[in-house]
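>>> With the sequence up front, the predicted model follows.
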Amino acid sequence: MKKELVERLLPGLTHDREYYEKLYPERNLPEGAIVTRYAPSPTGFVHIGNIFQLYISCKMARQTGGIVFLRIEDTDQERLVENGISKIIQDVASFGISFDEGAMSETEEKGSYGPYIQSQRKEIYQTYAKDLLLNGLAYPDFTTKEELEQLRKEQESSKRRIGYYGKWARSRFLTEEEIEKKLDQGLPYIIRLKNTGDFNRRIVVYDAIRGKLEFPEDDIDQVLIKNDGLPTYHFAHVIDDHLMHTTHVIRGDEWVSSLPVHIGLHQVLGFKPPVYCHIPPLTKKEGNTIRKLSKRKDSEAAVSYYHAMGIPVEAVMLYLATVSNSNFEEWYLEHENASLDDFSMSFDKIGTSGALFDMEKLLNLSRNFLSKLSAQEMYERTLAWAKMYDDAFAQLLIENRDIAISFLNIERNQEKPRKDYAMFEEVKSGIWYMFSSEFSPESYEWQKITDLDEIHLVLNTYFESYYNENDTEEEWFSKMKDCCDALGYASNMKEYKQNPEAFKGNVADVSTIIRVALTSKSRTPNLYDIMKILGLEEMKKRIHYFQNRS
RNA sequence: GGUCCGUUGGUGAAGUGGUUGAACACACAUGCCUUUCACGCAUGCACUCAUGGGUUCAAAUCCCGUACGGAUCACCA
C-alpha cells in the first residue's frame, strides 16, 4: 500500500519500528533468568486466581534471578474502573507481593521498558501496524458490526467455519481508490491483519506446563487496531512482550486456544515468541458441574474475603503453593520451618487440569500455621485483624491484654500445639468468657449431670474443701480426684468403666461441672490453666452469679 | 457446529510399561490415651486408575474409538 494512504490511515507517527527495537535493548540478566509479567486489566478487584498465577510468576522469576513486572492492559476503555491500578497494587501488596518493574501507582512507574500502561503505548502499536500496512500484510476494514453479524449468520446456515478469513474477508479486496473514497466519506475503520495462514497446515507449540500442543494455523484476519486507535489484546501482547523482552508468558489457560493467533502474529512481525505457560484455573463444584471460581458468584474468589475472615496471608500462600506444585506438600512436611522462598518450583510439576478450590484444606493449613505462632504473636495479629474488622473486640483485647495472651498460650508451647483457630475471626468465640466484663451467660452447656442440686453440691464441696490457688497441676488434679472420692464419683476411669453403676459419675463429670460453671462452655482448653488465669476472686464472682440464677 | 485440552478415592494428588497387593496430605469412620476439647497414637476407607477395544510376556502408564467435563470461536481481556 502506498505511503500517503498509510499515513492517512494512521496519522502522526514520528518513529519507525527500528527506533523502538533500539530503544528497548536486550536485558542484561544471568543465563536462564525468567522475565515474566502480571498483565491485568484494571477492571475491578483482584481474584484469588490472579494471586495464584502471580505466585507462580514471582516464584519462577525470582528463583532464576529474573524479573517480574506489572503491565496494565487498559486497551478496553469502556470497562475501566476508577483507581483500578491502585486497587490492583493494593490487593497484591496485601499478599506480600511486589514487582521489580512496571506500574507502581496511578502515575508512577519503574524500569526502562515503559511505558507500562498500554494506553500510553498507542504510537508503538500503530507504528508496527503501519509497517504491516506498508508491506501489504494488513489492511483497513470498514465493515460495520451489523455486516459482520450478517456474515456470521451466512456462515452458520451454510455450515462454514465462522470468522473473518479468506474470501469472507471482503475488505481484503478493496482497492486503494475504494479505500480513499471511504476515507473521504469519513467512515470509521479498523486495521486487520492480512493473514497468510492456512487452516489446513498444522503448527506445533511447546507449552512449558502442558507440553506439546498442536493446532491448525490461524487464518483469521485478526483485528490489530480498533476503531479508537488502540490495539486489541492479541496485537498488544505480542508487541509488548517482544519489546519488554519477556521470556515466559504465564497466564490462565483460557488463552491456549488463541495460541495460534499469537504464534502467527509473532511470525508476521518477525519476533521470536516467548515460552508460553498456561496454568489451570481454580475451580468450584456446583451441583454436578465444575466451573471456574467466579468473582461474581463466589465470595471466596475475592481477595478481600480472606482478610475479612482473618485467614493469614501466609496460609493462603501456603495453600496456593500446595495446589500449584504437586511436590510442594511433601517438601513442606520435611521442612516444617522453611520459608516458601526456599522451595524450588518447576513448571512440569504444575498440574494441567483445574484444581477444585478446597476451603477445608486451606483452613487446615491455616490452623497449623496459627498453632505455631507464639501467644504474643497470635495476640498481636488477632488485634491487628480486630482493629480492621471488629472494633468492640479490639477494645476488649486491649483492655484484657495479659489475660488474652495467657489464655492463648494454653497448650501452645509444646511440640504439637493446640489447633483451635483457623482464622482470627474465630478467636472471639473462643476467648470471650475469659473477660470478666463479658461474662454474664444466659445459659450453660450442662452435659451428663444436669440436676442443679447436685451441681451446687459439687461446686460448694470442691471450692470449700479442695481448691487451692497455689497448687501445681498434679496437685490440682489429685485433689480433684480426692473430691470425686468424697462425693461418690469415680476418680479412676478404668474402675468406672468396669462398673459404672457403682458411681454417680466420674472425674470427667466433676471437671465438667466446674468447667461449665466457670465458663458456661463444655469445651475449653485445659481447665487448670483457665482457673489459674481467672483467679480466685473472679471464680467466686462467677459461682455466685451462677447460684443466683438458679 | 469448528478447534483445542482434560478424565487416578469425598478432595488435592504421586505415579510415563514390571518391588503399585495404587504413595503422601486433607476430610471421614472406629478404637486407644484422656479432666472436656484439641493434640497424639492405632486401624479402616479406590471390589483398581471414565469406558470399550488393541499393542505387549507385562499397562493407570503406549495406540484407536466412545462418553463425560472444560476452554475458545468479539473492534473483551
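Perfect, thanks for sending it.
>>> Sort out which residues of the longest helix belonging to chain A are buried, please.
If you go by DSSP state H, chain A has its longest helix at helix A:527-549. Under the neighbour-count criterion of 16 or more other CB atoms under 10 Å, helix A:527-549 has A:527-534, A:538-539, A:542-543, A:546 buried. Every residue, glycine included, has its C-beta placed from N, CA and C.
>>> what do you get for stretch A:491-503?
In stretch A:491-503, counting by 16+ other CB under 10 Å, buried: A:491, A:496, A:503.
>>> re the thing from before, is any residue of the longest helix of chain A near RNA strand B?
Yes: Helix A:527-549 comes into contact with RNA strand B (CB under 7 Å from any atom of the strand), by way of A:527, A:528.
>>> Any idea how far that helix is from the middle of the chain?
44 Å (CA atoms, centre = their mean, to the nearest Å).
>>> Which elements pack onto that helix?
On a contact count with 3 or more CB pairs under 8 Å, 6 or more residues apart in numbering; DSSP states H and E, helix A:527-549 meets helix A:401-408, helix A:452-465, helix A:473-487, helix A:507-519.
>>> who wins for proximity to RNA strand B among those helices?
helix A:507-519 (3.6 Å; CB to the nearest atom of the strand).
>>> Now do the end-to-end distance for stretch A:298-316.
17 Å (CA to CA, to the nearest Å).
>>> Please name the residues that touch the spatially closest residue to residue A:101 that is not a sequence neighbour.
Excluding the flanking residues, the one nearest residue A:101 by CB to CB, 6 or more residues apart in numbering is residue A:111, at 3.4 Å. Shown in contact with residue A:111 (CB atoms under 8 Å, 6 or more residues apart in numbering): A:69, A:100, A:101, A:102.
>>> please redo it, this time with the cut-off set to 7 Å
A:69, A:101, A:102 (CB atoms under 7 Å, 6 or more residues apart in numbering).
>>> do the same with residue A:49
A:281, A:282, A:293.
>>> If we use 6 Å, what do you get?
Residue A:49 is in contact with A:281, A:282, counting by CB atoms under 6 Å, 6 or more residues apart in numbering.
>>> can you check residue A:66 too?
Counting by CB under 6 Å, 6+ apart, residue A:66 has contacts A:33, A:34, A:35.
>>> quick one: it and RNA strand B, what's the gap?
22 Å (CB to the nearest atom of the strand, to the nearest Å).
>>> Over to residue A:172?
On the measure of CB to the nearest atom of the strand, residue A:172 and RNA strand B end up 14 Å apart.
>>> What about that residue, how many residues nearby?
The number of residues packed near residue A:172 is 16, by other CB atoms under 10 Å.
>>> same question, the one 4 residues further on
Here the number of neighbours of residue A:176 (other CB under 10 Å) works out to 11.
>>> Let me see the contact set for it.
Taking CB under 6 Å, 6+ apart, one finds residue A:5 in contact with residue A:176.
>>> Distance of it relative to residue A:16?
Look at residue A:176 and residue A:16: by CB to CB, to the nearest Å, they are 22 Å apart.
>>> Could you report the pLDDT at the residue nearest to residue A:481 when sequence neighbours are not counted?
Leaving aside its sequence neighbours, residue A:481 sits nearest to residue A:491 (CB to CB, 6+ apart; 3.6 Å). On the pLDDT scale, residue A:491 is placed at 86.
>>> Residue A:491 and RNA strand B: what is the separation?
For residue A:491 relative to RNA strand B (CB to the nearest atom of the strand), the value is 9 Å.
>>> Quick one: neighbours of the residue of the stretch 1-150 of chain A found nearest RNA strand B, just the number.
The stretch 1-150 of chain A approaches RNA strand B most closely through residue A:73 (3.1 Å), counting by CB to the nearest atom of the strand. The tally of other residues near residue A:73 (other CB under 10 Å) stands at 18.
>>> pLDDT score for it?
95.
>>> isn't it right up against residue A:118?
Yes: counting by CB atoms under 6 Å, residue A:73 does reach residue A:118; the two are 5.3 Å apart.
>>> contacting residues around residue A:318?
With CB under 6 Å, 6+ apart, residue A:318 has these contacts: residue A:365.
>>> Confirm that it sits in a helix.
Yes: under DSSP: H, G, I helix; E, B strand; the rest coil, residue A:318 falls within a helix.
>>> what is the mean pLDDT for stretch A:9-20?
For stretch A:9-20, the per-residue pLDDT averages 94.
>>> again with stretch A:303-310
Rounded mean pLDDT across stretch A:303-310 is 92.
>>> wait, what's in contact with residue A:24?
Counting by CB under 6 Å, 6+ apart, residue A:24 has contacts A:113, A:243.
>>> swap in residue A:214?
Counting by CB under 6 Å, 6+ apart, residue A:214 has contacts A:202, A:204.
>>> Assign it to helix, strand or coil.
Quick answer, by three-state DSSP: residue A:214 is strand.
>>> what are the bridge partners for it, then?
residue A:204 (DSSP bridges).
>>> How far does stretch A:215-223 sit from its chain's centre?
The answer for stretch A:215-223 is 34 Å, by CA atoms, centre = their mean.
>>> Same check on stretch A:518-533?
37 Å.
>>> what about it, start to end distance?
End-to-end distance (CA to CA), stretch A:518-533: 12 Å.
>>> what is the mean pLDDT for it?
Mean per-residue pLDDT for stretch A:518-533: 93.
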